[in-house]
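**Student:** Pasted the sequence and its predicted model underneath.
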Amino acid sequence: MIAKYSTKCWGDTFTVAADWGRAASPVREMPGRQVADFRHSPERAMRALLEGEAILSGAIDRECRREITLAVKSMREV
């Protein structure tokens, strides 16, 4: 069953969705990545998604990592 998790960070909403119990299930928002890549953890997938966004924007510093941690802690199933 597909489960979808969402959080807010930097004024935007980010979502990860997959069948977290099935290793080969694709993580919809991350092409080429599967649940197994994140050890079946939506939190790990969300952290990777947010870190990727921060790297693309060129803003991966201590404050950015703190914001990512807070966003991961506040994510909810939707």
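**Tutor:** Alright, I've got the coordinates.
**Student:** hey, let's count contacts and neighbours off CA atoms from now on
**Tutor:** OK.
**Student:** Count the residues that sit near Thr13.
**Tutor:** Other residues near Thr13 number 10, with proximity taken as other C-alpha atoms under 10 Å.
**Student:** Same check on Arg33?
**Tutor:** By the criterion of other C-alpha under 10 Å, Arg33 has 15 neighbours.
**Student:** quick one: it and Pro26 touch, right?
**Tutor:** Yes: using C-alpha atoms under 8 Å, Arg33 makes contact with Pro26 at a distance of 5.9 Å.
**Student:** and the residue positioned nearest the centre of the chain, what helix or strand is that in?
**Tutor:** The residue lying closest to the centre of the chain (C-alpha atoms, centre = their mean) is Met46, at 1.2 Å. Using DSSP states H and E, Met46 maps to helix 42-57.
**Student:** pLDDT (mean, whole number) over that helix?
**Tutor:** For helix 42-57, mean pLDDT rounds to 96.
**Student:** State the mean pLDDT of the helix or strand following it.
**Tutor:** For helix 42-57, the following helix or strand on the C-terminal side (DSSP H and E) is helix 62-73. Across helix 62-73, the average pLDDT comes to 96.
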